[in-house]
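Asks: attaching a predicted model along with its sequence, questions to come.
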Amino acid sequence: MAGCYELAAEVYAKGNYFSECLSACTKGKLFNTGLKYIQYWKEHAPKDSAVVKRSKEIDQIEQRFLQSCANNCYELKDNRSMMKFVRAFNSMDSRRNFLKSLNCLDELLLLEEESGNFLEAAEIVKLRGDILLEADLLGKAGRFKEASMLILWYVFSNSMWASRSRGWPLKHFPQRDEILVKTKSFAKKESDFFYEFVCTEVNILSNEETNLFTLNQYKNASQKHKSLRGEILSLRRILDIHLHSNVSKYEWEDELAVDLIKPSEERISGNNVSVGTLVCFWNLWKEKVENIFEYLSCLETQDANNYINYGEFCLNYFGVRRHLKNMNISYVLVNSDADWVREIDDRFLRRSEKLVSVDARQFVSAARIHWRSELLSVGLKVLDALEALHQLSIKNSMSLFCQSMPLIYIFEVTKFLLGYKCLDNKHRYSNKLHSFLKLSTVYFNNVFPLDWHKSLTANMTSLRGSELSRSLLEEVILTSFVGKLTYGQIGRVIMIWLGSGKPSDKTYKKIAESFEGNLAWRPWREFVVDLSGNTESENLQESASDKIHEIPIQVPLVYKFHNALKDTYNANWRVQDYISPHCFLYLVESLLILGSCFQGIIFTSKSSFVEWLISEQPKANRSGSSVPAMNAIFDFIAHLINQFLCDKQGTAEWIKNSNINDNYYHPLLRLRLVVILCLLCMNSGRYFDMLFHLLGRGDITSCLPRAFCDVFRRSRKQINAMVLAEAFMKIQNPLVIVSLGENGSKFKCPDAIFVDMATQSREAIIGVLFPMDNKTPRGKTVVSKVDTTNSCSREFSSSNDREGKTSKATSSNLASLEDPKMNSQNKNEGNLEMKCGLFQEISDALKSVETVGDGNVMKFVSSASNIKVELMKSINFIPTALAKSFEKKPCDGEDGVLLAEANSMLDELKELSSLLDASDRELEKNISKITELLNRLQLRRPRLETFLNQLYMHNDTKADCEPSEARQSYKEDNHSKAEETSKSDRGKTLKAAESNTGKGNRPKKGKKCKGGRKK
C-alpha cells in the first residue's frame, strides 16, 4: 500500500498537483518524500509561472503538511526529526508558535540561537530559570549592562543561599570568581562609569577580608551609584567588624554628638571603632531593614511603588524573580532549597518542571519571618557588645559620661526591639530584652551620683538634656512603682522629675495613680499635682508684667513641696526603702532654689544650678517679685541641716540603712550640708551664727577640705558673696549668682559665675557654666593643681569647672579642691617618689588576702598595714605629681591615655583606703571587694609603674606651702572657740539660730540631737 502512495505522490508531483501530492505523502506517512517535493518546488518556483500564481495556496498546503509531519514526530518522541520539519516552516513566527504550543523550549532556544535571535533566546532561558545562560545571551545581543547586572544578581543570591546556607554572611561557591570576572568584562564594554560601579559591587560581593576604611569607601560609592544592595551589604559588613572586635579596642567619645553619622564616618576612616560608631551603623542598617518591612507590607496590597528599590533588593536577597502570566503575578524561586523557603508550607509551593513558585502572600510571610529573626539576632549582638562596653567602662573606672553612653544606647536599642510592630514573635527573646532594659536603668545612678563632682561636666550636662536621657529616666520612673509605695520610690521619682523635666502624660498618670486610695501620701500627691501644672514653660512668667499672676501659682507649689518633705522627714526612717540621705538632700536643695525664686537674685552652687537648668524648659524665664516670706521653709532647712550634722550616729545609721558605704559617703554628705547652709545664709540673710558655730566644731570640720574651712576662718565671721565664692572655688563647685530680673553685676565676685535668666538662652548659659578653653585644642586634657592636704585623708575632687568639652583623659581627681600652696605634708612624706613601693605592697596584700579564706581576717589586717601607709602617700602624691607635670608639658596622645588611667587608679586607691579603714567585722564582709580592687590595681602595674615614676622624677620636690604649724594652729583655734561657745558664750552665739530653727536645732549638752525624725 505504501508503494501505491509513493507512486501516486510522484505522479501528482509531475503534474504539479501539490495538494494531492502532499495528501498522498501524508496518508502514506511519506514525510521525508513530501519534504523533498516541497524543497524542489521552492527551488524551481520562479521558473514555473503556474506555480507562482498558486504560491499562497501552496504555502498553506505546505504549512499544513509540515505541521502534520512535525506533530507525528513529536508523538513518536522523535524531536530531532521534528525539528527538520519545523525549520521548513514558512516563517519564524510559525516556528515559535508551534514549538511553544508543544512547550518545546529547548528546541525553540536552539532555533533562536541558530537564527541569531539572542534577545528572544534570553527570554526563553528566563522561563527555564538559567540565569547564567540568560546573561550570556544578553551579552551576545549587545545588552552588556543587563548581562552584568544579572550576573551580580546571581552571585549575590547564591552567596546567600547556596548549599542550604542559612543566609548571612556571604559564602563562597564554585566558579564564583570566574563568574565575577565575566561580569566585569561585560561592564567594560558598556561605559567607564558603569564599569566603576560593577567593580565596587564585585569587591563587596567577593567578601574578602578588608578594613573599615575600604568598606566605608564601598558604602559611599554605592550611594553614588544608587546601589541599595552595595549600601546595605557594606553597612552590614561594617557592623560585623564592630561586633567581632574586642571591646578593649573600642575608642570612647567624650561628648554627645547631635548627628552620629559624620563623626562616625571620620572615625572608621581611621579604621577605629567606638560606642558611637557601633550604634550609628546599627541605626543605618536597621533603617534599611525597616524599609524592607514597609516594602513587604505594600507588596500584599500590590502598591509597592514607593519602595521599588527595596523591592528589587529584597527579591535579589532571597533569589526570587517576579513573573507575570495571564495577569497573575507569581514569585519564582531560583534556589528552592534555600533555608528561608522552609518557612513556606509545601502545599503552597507550585512546581512546574524545574521551576518552583509561590504567590505574594506566602513570599511576604516567609520574608518577614526571616528579617524579623535577622533584626533580633543582630540587635541582641549589638546589646551584648554594649553591655560588654559598659562593664569595661566600670572596670577601668572611666568617666560617668563613658559609663552612661552604653546604657543610653542599650535603652534605645531595647525599646526599639520590644516595640517594633513587626516583632510579634519575640517571646523567645522577651526575658533577655527585659534584662537589658533593667540594666539600662542603672543610668539613674550616673545621673545622680553620690559625689556630685563626677557628673558636673559639660558632656554629662549635655547628655542629660537629650531626649533619649529623658526617656530613659522616665523608664526608671515607670519601673519604680512596683509593689507597695515607699518613701524611697517617691523620692527617686521626684528626684528624676526635678532633675530632667516634666515627664510625659502617660508617666504622670502612672505617678498620680500610685497615690490614689492612701491618705498617707496626700502631701506628695498635692505637690505632684501642682508640679505637673507648673513645670511647662507656658506657665512660667515671660515678662515683669506677669509677676502678679505668677505668685498665686508658685507660692502654693513651694509650700506643698515643703509640706511633703517635712512629712517625709518626720516619718519613721527605719522602715524598708525609706528615702536615702542622698535623695533627700537633693530635694532639699531643690526646695531651697524654689523658695529663693521669688527674689530678684538667687545664690546657688554650680551643681545645684545645673540640676535646675536641666529641668527647665529652654525658653523659661523667671523674674523677681515681692512675695510672702519663706521663713518657715528656710527654718525647716536650717533645722534639718543642724540635725544631720550634729547627730553623727543617727545619720550614719540612715546612710547604712540606705545601702550606702558610710565611710565613703559621710564626708561627702557633711560637705554638702555645709554648702546648703552657706547658700541658705546668703538667700535668707540669716543663720550666719549657726554656720560659724558648726564650722567651729572639730568633729564637723575634720572631714571638710581644709582650704574650704580656711576661707571662713579668714573672713572673721563676715560672710558675703565674695567670701562664699572663694570658699566654693576651693571645692570646685563655684558660686552661681542668678539674676531673675535684678541687676546682678553689683556683686563683684571674680570667683563667681553670673547668669541672667531673663536675657540668656539655655545654650548661652551652658557656655558660661562650661566655657571652652581657647588655648587648649580640642582633645587635649585640662589639668589644674590639686591640694593634697586634708584633715581626714580624703579628697573631694572634681573636674575643672572651666574644662568645657574635655578629652577622655580628663578626670575629676586632677582638679584642685584647695589652695595649691597648702602642700606641707608632701615634703615630709616621700618627696614625690613612689618607685615600686605601692605596687609591691599591693602584690604582698594580694598574697596575704588568701589567708582570709581560712577565717583569719586579723592576719590579713596585720599584713595590710603597710599598704595603708603606701595608700595614703599615693593618694596625696599622685594628683600633685600629675598636675605639676602637666604644667610643664600637656599630656596628649599615649601620655593622655596613661594620665586618664592613673587618674582612674587614684579613684580605686581612695575606695580601697575607705574599705581598709572599716571595723574588723565590716572588713570581713568587704573582703571580696578588697580583693577585686587589689587585683585591678595590680593589673595596672605594667602600664603605670614606669609612667608614674618618670613623672615623680621630673617634679620639683620643693613645694610652696604654708608652715606645717598652720594646720595645728587652726585646729587649736577652732577647738578653743568651740570650748568658749559651749561654756560662757553659747547662748549668745546661737541665739539667732535657735530662734529660726526651732526645737531640736541645737543638741543639749551631753545628749545626741534627734530632731523630728521617728526612729
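Replies: Nice, thanks for sending it over.

Asks: name the element the residue lying closest to Gly230 once chain neighbours are set aside belongs to?
Replies: Spatial nearest neighbour of Gly230, excluding adjacent residues (C-beta to C-beta, 6 or more residues apart in numbering): Ser222 at 3.1 Å. In short, each C-beta sits where N, CA and C put it, glycine included. If you go by DSSP states H and E, Ser222 is part of helix 212-224.

Asks: quick check: which helices or strands does that helix pack against?
Replies: On a contact count with 3 or more C-beta pairs under 8 Å, 6 or more residues apart in numbering; DSSP states H and E, helix 212-224 meets helix 192-206, helix 228-244, helix 261-268.

Asks: most tightly surrounded among those helices?
Replies: helix 228-244 (a mean of 21; mean count of other C-beta atoms under 10 Å).

Asks: buried residues in stretch 675-689?
Replies: 675-684, 686-689 (16 or more other C-beta atoms under 10 Å).

Asks: in CSV: those, plus secondary structure, distance to His434 and pLDDT.
Replies: What follows is the buried residues of stretch 675-689, written out as CSV (DSSP: H, G, I helix; E, B strand; the rest coil; distance: C-beta to C-beta, whole Å; pLDDT from 0 to 100):
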residue, secondary structure, distance to His434, pLDDT
Val675, helix, 40, 97
Ile676, helix, 39, 97
Leu677, helix, 44, 97
Cys678, helix, 45, 97
Leu679, helix, 42, 97
Leu680, helix, 44, 96
Cys681, helix, 48, 96
Met682, helix, 47, 94
Asn683, helix, 45, 94
Ser684, helix, 48, 93
Arg686, coil, 51, 93
Tyr687, coil, 49, 95
Phe688, helix, 53, 93
Asp689, helix, 55, 92
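
Asks: distance to Asn876 added to these, as a markdown table?
Replies: Compiled in a markdown table, these are given as follows (distance: C-beta to C-beta, whole Å):
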| residue | distance to Asn876 |
| --- | --- |
| Val675 | 24 |
| Ile676 | 29 |
| Leu677 | 29 |
| Cys678 | 27 |
| Leu679 | 30 |
| Leu680 | 33 |
| Cys681 | 32 |
| Met682 | 33 |
| Asn683 | 36 |
| Ser684 | 38 |
| Arg686 | 38 |
| Tyr687 | 34 |
| Phe688 | 34 |
| Asp689 | 35 |
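
Asks: which of the residues you listed sits closest to Ile131?
Replies: Val675 (75.5 Å; C-beta to C-beta).

Asks: roughly how far does Phe448 sit from Leu473?
Replies: 10 Å (C-beta to C-beta, to the nearest Å).

Asks: can you pull the residues that touch both of the two?
Replies: Counting by C-beta atoms under 8 Å, 6 or more residues apart in numbering, the common neighbours of Phe448 and Leu473 are Gly499.

Asks: these two: who's more crowded?
Replies: Using other C-beta atoms under 10 Å, the more surrounded residue of Phe448 and Leu473 is Leu473, with 27 against 19.

Asks: list the buried residues for the host helix or strand of that one?
Replies: Taking DSSP H and E as the definition, one finds Leu473 inside helix 467-480. By neighbour count on 16+ other C-beta under 10 Å, the buried set for helix 467-480 is Ser469, Arg470, Ser471, Leu472, Leu473, Glu474, Glu475, Val476, Ile477, Leu478, Ser480.

Asks: related to what we said a few turns ago, residue contacts, the residue nearest to Gly230?
Replies: Thr200, Glu201, Ile204, Leu228, Arg229, Gly230, Glu231, Ser234 are the contacts of Ser222 under C-beta under 8 Å, 6+ apart.

Asks: alright, I will stop here.
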